[in-house]
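Undergrad: pasting a predicted model and its sequence here:
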Amino acid sequence: MRHRFRLLTYCIVFLSMWGCAAPSSFRVTDFGAVGDGKSINTTAIQSAIDACHQAGGGQVLIAEGTFVTGTVLLQSNVELHIQEGATLLGSTDPRDYQSIDAFTDATGQVRGKCLIGALDVKNVKISGKGTIDGQGAAFHQGPLKKVLADQGLTKEEINELMGNRPFLLRFVRSSGIELRDIHLRQPAAWTCHFFQSTDILVDGIDIYSHAHRNNDGIDLDSSHDAIIRNCNIDTGDDAICFKTTSPEPTHSVTVRNCRLKSDWGAIKFGTESMGDMHHIDISLCQIHDTKGGGIKILSVDGANIHHIRIDSIEMTDTEMPIFVRLGERRRTYRDAPQQPVGSIDSVTISNLKASTRSLDSSRVNPPSGILITGTPDYKIGSVQLDNIEILVSGGGMDEHTQLIPEEMPARYPEFSFFGVLPAYGMYARNVTDLKLIDYDFKLKADDQRSAIRVQDVEQRQFQPKTKK
């Protein structure tokens, strides 16, 4: 409760700060910005931000028009306000972007460039009902190579620019961050990345991110004391993702009342997971039309994931509603030393109602509702599932009942790699303490597999719903 009190106190102070006398306003057009959708306005917008900061803080205003820009960096005590009808549009030239705190992610790609960045700052805000659009489709390799070649760049110069696709927003080692109401669109990589940052409020934003690969929505990375609420997120990759690309933990986070759609994972822990993740509370969220997993809890690089509470979740047309994996990949990031194998413990998922996708749109056919698996040497600790209802598509054949999925302890943790499971409701193995209370697994079509299959589960308690 202490961290929640601290965060509540912070929010009151923060909102009071912004809600007092109207802050000084700095219009980007007064600094030479032109909202014609063509002119590059990086210098003008950065000048407005710097002037606002030097004046002690206030609001940088982007009103009517479409303003093209490369990387701009927020400064302490500055609010970037984009009015409804205005658009901040990312340049399609990779030379217009800066890299801050570059790192290599789990896919082996260098990251760090961004459209809007914040590095070692305090009390920053992005608000308004306008739009920030990264034009990520322009960064596909084929078209981009041609554009750069037509501009006379050498092959070496082109290859150097091809990597490090820009994120839309990046906050690094910063505190007192607020995002409110803004529309975030089509980055070339992740949409919104918080790294080693704290005191974060994300409220009422809308994300659509399908322009390229690795299009995550919100990534909380080695960050803490955060609230995410009332958001609508539709992504090609993870929608809301907790990760740790450093040994510092991600903790003390509340997610509430969000609507999520993803082609990979709607609510996800990992895969980058060097540091711990704990005391994370997620509730009252809707997940729909998700090709990957609804809830994925993955520790594979050393994270100790514990005290996770997920409650009151509705899912429709989700490929696998729950996937929990403790693995032994042990990948490193940012030159940190390799961590020992981590753990997963004290996880509670309650009041979940879900349906799986149709057979013709599932990568694993026939699908299953839940997969929970540690490894023979490293077992998952305590997991409790309470009041779980899953409608599964069915289709399992008699031959599927004898399947034993491979262990694959060091492989990338994706449920589809385990293939068809021998149970349609839940398959669990290598778990110390598993409770499944008040569950109801229903079928859309016949399935020869059993509802539940477990292997090497030391303590178990399974209690189906009482039929009325």
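TA: Received the coordinates, thanks.
Undergrad: and whichever helix or strand residue 383 is part of, what does it pack against?
TA: Element membership of residue 383, judged by DSSP states H and E, is strand 380-392. Contact analysis of strand 380-392 by 3 or more C-beta pairs under 8 Å, 6 or more residues apart in numbering; DSSP states H and E lists strand 304-326, strand 343-355, strand 370-373, strand 423-443 as its packing neighbours. From N, CA and C alone the C-beta is placed, and that goes for glycine too.
Undergrad: most tightly packed of those?
TA: Mean neighbour count (mean count of other C-beta atoms under 10 Å) peaks for strand 370-373 among the helices and strands packed on strand 380-392, with a mean of 26.
Undergrad: quick one: contacts of that one?
TA: By C-beta atoms under 8 Å, 6 or more residues apart in numbering, the residues outside strand 370-373 that reach it are 320-326, 380, 383, 385, 388, 390, 405, 415, 418, 421, 425-431, 434.
Undergrad: which parts of stretch 373-390 are buried?
TA: 373-375, 378-383, 385-390 (16 or more other C-beta atoms under 10 Å).
Undergrad: CA atoms only: put it into CSV for me.
TA: Written as CSV, here are the backbone C-alpha positions of stretch 373-390 (Å, rounded to 0.1, in the frame of the first residue of the first chain):
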residue,chain,number,x,y,z
THR,A,373,5.0,-24.6,-17.9
GLY,A,374,8.3,-24.3,-16.1
THR,A,375,11.3,-26.6,-16.8
PRO,A,376,12.3,-29.9,-15.2
ASP,A,377,15.0,-28.0,-13.2
TYR,A,378,13.1,-24.8,-12.5
LYS,A,379,9.5,-25.1,-11.4
ILE,A,380,7.0,-22.3,-11.3
GLY,A,381,5.9,-21.5,-7.8
SER,A,382,2.3,-20.5,-6.8
VAL,A,383,-0.3,-19.8,-9.4
GLN,A,384,-4.0,-19.3,-8.5
LEU,A,385,-6.7,-19.1,-11.2
ASP,A,386,-10.1,-18.2,-9.7
ASN,A,387,-13.4,-18.0,-11.5
ILE,A,388,-12.2,-18.8,-15.0
GLU,A,389,-14.5,-19.3,-17.9
ILE,A,390,-13.1,-20.1,-21.4
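Undergrad: and that stretch, how far out from the chain middle?
TA: 22 Å (C-alpha atoms, centre = their mean, to the nearest Å).
Undergrad: same check on stretch 56-68?
TA: Counting by C-alpha atoms, centre = their mean, stretch 56-68 comes out at 27 Å from the chain centroid.
Undergrad: for that stretch, measure first residue to last.
TA: Chord length of stretch 56-68, first to last residue, is 27 Å (C-alpha to C-alpha, to the nearest Å).
Undergrad: just stretch 154-171 next, same as before
TA: 33 Å.
Undergrad: which one of the helices and strands packed on strand 380-392 lies nearest to residue 261?
TA: For the helices and strands packed on strand 380-392, proximity to residue 261 was assessed by C-beta to C-beta; strand 304-326 is nearest, at 9.6 Å.
Undergrad: name the helices or strands packed onto that closest one?
TA: Using 3+ C-beta pairs under 8 Å, 6+ apart: strand 304-326 touches strand 265-273, strand 277-299, strand 343-355, strand 370-373, strand 380-392.
Undergrad: each with direction, which strands does the first one pair with?
TA: Put plainly, it is strand 265-273. Here strand 265-273 is paired, per DSSP bridges, with strand 240-244 (parallel), strand 277-299 (parallel).
Undergrad: most packed of those?
TA: strand 240-244 (a mean of 30).
Undergrad: where in the chain is pLDDT low?
TA: Within the chain, the stretches with pLDDT under 70 are 1-23, 468.
Undergrad: for it, what spans make up the helices?
TA: 2-19, 42-54, 141-150, 155-162 (DSSP state H).
Undergrad: pull out the buried residues from stretch 110-127.
TA: Neighbour count says stretch 110-127 has 111-119, 121, 123-127 buried, by 16+ other C-beta under 10 Å.
Undergrad: mind checking which of those are in strands?
TA: 111-119, 123-127 (DSSP state E).
Undergrad: can you redo the residues you listed as a markdown table with distance to residue 73?
TA: Compiled in a markdown table, these are given as follows (distance: C-beta to C-beta, whole Å):
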| residue | distance to residue 73 |
| --- | --- |
| 111 | 17 |
| 112 | 13 |
| 113 | 12 |
| 114 | 9 |
| 115 | 11 |
| 116 | 8 |
| 117 | 5 |
| 118 | 7 |
| 119 | 7 |
| 123 | 15 |
| 124 | 10 |
| 125 | 15 |
| 126 | 13 |
| 127 | 18 |
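Undergrad: quick one on the thing from earlier: now tabulate the helices and strands packed on strand 380-392 in TSV and tack on distance to residue 192.
TA: Formatted as TSV, those follow (distance: least, C-beta to C-beta, whole Å):
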stretch	distance to residue 192
strand 304-326	21
strand 343-355	25
strand 370-373	29
strand 423-443	33
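Undergrad: out of those, which gets nearest to residue 44?
TA: Between the helices and strands packed on strand 380-392, strand 304-326 lies closest to residue 44; by C-beta to C-beta that is 44.6 Å.
Undergrad: could you measure from residue 164 over to residue 113?
TA: 5 Å (C-beta to C-beta, to the nearest Å).
Undergrad: intersection of neighbour lists for the two?
TA: 94, 99.
Undergrad: mind giving me the domain split of this structure?
TA: Under the assignment automatic domain parsing, the domains of the chain span 1-211+223-236, 238-468.
Undergrad: export the ones you listed to JSON lines and append columns for distance to residue 217.
TA: Output for the domains of the chain, formatted as JSON lines (distance: least, C-beta to C-beta, whole Å):
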{"stretch": "domain 1-211+223-236", "distance to residue 217": "4"}
{"stretch": "domain 238-468", "distance to residue 217": "5"}
